[in-house]
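A.B. asks: turn this into a structure:
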Amino acid sequence: MPSAAGIIIATGAMTIANDALTGDKPLSEAADNIQWKVVPATLVAAGIFYALEQANSGLAKGLAWLALFTAFVGGDTLGRPELTGGKKTTPLGTLMEVFGYSYEYKSGVFQPGTKFIEQGVPYQAR
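C.D. replies: Here you go, the predicted model:
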C-alpha cells in the first residue's frame, strides 16, 4: 500500500500533467502552461502527510486518497469554464475529451461533444 506522502505526490504530478495538457499554449510550450506553485505546495503537503502518517496511518492515507480523488474529479464543469472563472478542466474532463466522451453546453442544454476519433483529428490541447 502506498504511503500518504506518495499519494499526495501523485496528486501533484497529476495536477501538473493536466495543466501541461490543457493550457492555452500548444504542447510544444507545455512548460508555460504549468502553474509552478503546485510543486512547492505538493512538497509541503507531502511533508505534512508524512508527519500525520507517523501519528495515525489510517487517517493520513484516507485523507490522501480523498485528495487524489478530489483533484481527479472535483470541480469539473463539463465544458463550462465560466462556472469556475475560466479555469481549466480536471483530469477527468481531459480524459473524457481524449476518448471522445466530452459534453458541451449549448443553448442551456448539455450535448455530447465531438469525438476526435470520428473526425480523424488527433487530440489537441485547448
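
A.B. asks: buried set for stretch 15-27?
C.D. replies: For stretch 15-27, burial by neighbour count (16 or more other Cβ atoms under 10 Å) applies to Thr15, Ile16, Asn18, Asp19, Ala20, Leu21, Thr22, Gly23. Yep, even glycine has a C-beta here, placed from its N, CA and C like the rest.

A.B. asks: same thing with stretch 38-50?
C.D. replies: Buried residues in stretch 38-50 (16+ other Cβ under 10 Å): Val38, Thr42, Ala45, Ala46, Phe49.

A.B. asks: now the two most distant members of the buried residues of stretch 15-27.
C.D. replies: The span of the buried residues of stretch 15-27, defined through Cβ to Cβ, is set by Thr15 and Gly23 at 12.4 Å.

A.B. asks: quick one, helices of this protein?
C.D. replies: Under the criterion DSSP state H, helices of the chain are mapped to 4-22, 38-55, 57-73, 91-98, 116-119.

A.B. asks: output the below-cut-off pLDDT ranges for the chain.
C.D. replies: 1, 75-88, 100-126 (pLDDT under 70).

A.B. asks: any idea how this protein splits into domains?
C.D. replies: 1-73, 79-119 (automatic domain parsing).

A.B. asks: and among these, the most buried is which?
C.D. replies: domain 1-73 (a mean of 16; mean count of other Cβ atoms under 10 Å).

A.B. asks: from what I can see Ala20 touches Ile34, true?
C.D. replies: Yes. Between Ala20 and Ile34 there is a contact at 5.5 Å, judged by Cβ atoms under 8 Å.
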